[in-house]
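[1] got a predicted model here, sequence first, then my questions.
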Amino acid sequence: MSEEFSGKLNHLQRELPQGLVVDSAWLKQRGYSAQLCRKYVTNGWLERVAHGVYRKPGGKLLWEHVVISLQTLLMKPFLVGGDTALSLHGFSHYLRREEKEVHLYGPEEAPTWLNKLPLQITFVYHNSGALFRNEPIHSGLTSLSWNLKDGSHVSDDNIHGSSFRVMPWGQWEWPLTLSTPERAVLEMLDGLPRHESFDQADKIIEGLTTLSPRRLQKLLVDCKSIKVKRLFFFFADRHNHPWRKHLNKDAVNLGTGKRMLVPGGRLDPTYLITVPEELYAGQ
């Protein structure tokens, strides 16, 4: 093995953490040609997990490895949101189905290789700009070296503002960036009624007793979707958690006219949306 070959291999071993994935563009940018990558795969120093996607051999590939790789090594502006973020925040007992989808939000299309990886889940991409006007997701959300000199973690507000959160994940406490519960619940409501059920949304919001009204107010003002905002206030009024009285509904544009969300449902007279009749059972 030549000294140059050995040096490049040692450098790659240092640059690519165990478990994380990189694509051929990342490798090429650092001087690793397709031919060299094939040689590394042949010798067992790299594992090809999809066309043009590599990792160090060893250990099971999990979706968290993939998302952390996107957010840090590959500098792609995607964050975990919706149902997936709510589950990570501890509300999984309100989600009826087993987690088979991971919801990613970002301003650009997700790489096509994501759903070609050997995983038991499907990545679902959402355009973050379609839902919020003043909450941009920045390219390169964070890095693997996210600790301060005193050993503490960088705070959410210092990195992302009020609607993103960084959660340590795995043995090395790598940073996984996801929506706050306040943002995630609005992302989840965006899926009603096609991809989410009213019953599940009702149970989730019933359990969201400690949301921040400051974060909610900002997100509701920034939210572009009339449907999402009306649904949110419908459920918020229904459960009347302590944070509800601190929200200024008059500052939120709820649009005009009726919205038929459920054919044959009951029209809510306050928010002019049709919702399932079952939600009124026992009232």
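    Looks like it came in fine.

[2] any figure for the gap between the closest residue to Leu74 other than its chain neighbours and Thr210?
    Distances taken as CB to CB, 6 or more residues apart in numbering place Trp26 nearest to Leu74, at 6.0 Å, with adjacent residues excluded. Placement of C-beta: from N, CA and C, glycine included. With distances taken as CB to CB, to the nearest Å, Trp26 is found 40 Å from Thr210.

[3] ok, back up a step: secondary structure class for the residue nearest to Leu74?
    Following DSSP: H, G, I helix; E, B strand; the rest coil, Trp26 is assigned to helix.

[4] what does the pLDDT read for it?
    On the pLDDT scale, Trp26 is placed at 97.

[5] and Arg48, by the same measure?
    pLDDT at Arg48 comes out at 97.

[6] thought it was touching Val41?
    Yes - contact criterion CB atoms under 8 Å: Arg48 and Val41 qualify, at 5.3 Å.

[7] need the overlap of contacts for those two.
    Shared contacts of Arg48 and Val41 (CB atoms under 8 Å, 6 or more residues apart in numbering): Tyr54.

[8] what's the end-to-end length of stretch 72-91?
    26 Å (CA to CA, to the nearest Å).

[9] how about that stretch: buried residues?
    Buried residues in stretch 72-91, counting neighbours by 16 or more other CB atoms under 10 Å, are found at 72-74, 76-89, 91.

[10] again, but for stretch 113-129
    Result for stretch 113-129 [16+ other CB under 10 Å]: buried residues Trp113, Leu114, Leu117, Leu119, Ile121, Phe123, Val124, Tyr125, His126, Ser128.

[11] go on, stretch 204-211?
    So, applying 16+ other CB under 10 Å, buried residues of stretch 204-211: Ile204, Ile205, Leu208, Leu211.

[12] same check on stretch 235-242?
    So stretch 235-242, judged by 16+ other CB under 10 Å, has buried residues Phe235, Ala236, Arg238, His241.

[13] could you export stretch 119-137 as CSV, CA atoms only?
    Provided in CSV are the C-alpha atoms of stretch 119-137 (Å, rounded to 0.1, in the frame of the first residue of the first chain):
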residue,chain,number,x,y,z
LEU,A,119,-34.3,0.5,5.9
GLN,A,120,-37.7,-0.6,7.1
ILE,A,121,-39.1,2.9,6.9
THR,A,122,-40.0,5.4,4.1
PHE,A,123,-38.8,8.9,4.1
VAL,A,124,-41.6,11.4,3.2
TYR,A,125,-40.5,14.8,2.0
HIS,A,126,-42.5,18.0,2.7
ASN,A,127,-41.7,21.5,1.3
SER,A,128,-41.2,23.6,4.4
GLY,A,129,-41.7,26.9,2.5
ALA,A,130,-45.3,25.9,1.6
LEU,A,131,-46.4,26.0,5.3
PHE,A,132,-44.3,28.8,6.9
ARG,A,133,-43.3,32.1,5.4
ASN,A,134,-40.8,33.4,8.0
GLU,A,135,-39.3,30.2,9.4
PRO,A,136,-36.6,29.3,6.8
ILE,A,137,-34.6,26.0,7.3
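
[14] need the contact partners of it.
    Contacts for stretch 119-137 (CB under 8 Å, 6+ apart): 61-63, 66, 77-79, 81-82, 99-107, 109-110, 114-115, 161, 163-164, 183, 186-187, 190, 219, 222-225, 228.

[15] still on that earlier bit, hang on, isn't the residue nearest to Leu74 packed against Met75?
    No - using CB under 8 Å, Trp26 makes no contact with Met75, being 9.1 Å away.

[16] before we move on, the earlier item: now render the buried residues of stretch 235-242 as CSV, adding distance to Gly257 and secondary structure.
    Output for these, formatted as CSV (distance: CB to CB, whole Å; DSSP: H, G, I helix; E, B strand; the rest coil):
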residue, distance to Gly257, secondary structure
Phe235, 20, helix
Ala236, 21, helix
Arg238, 22, helix
His241, 28, coil
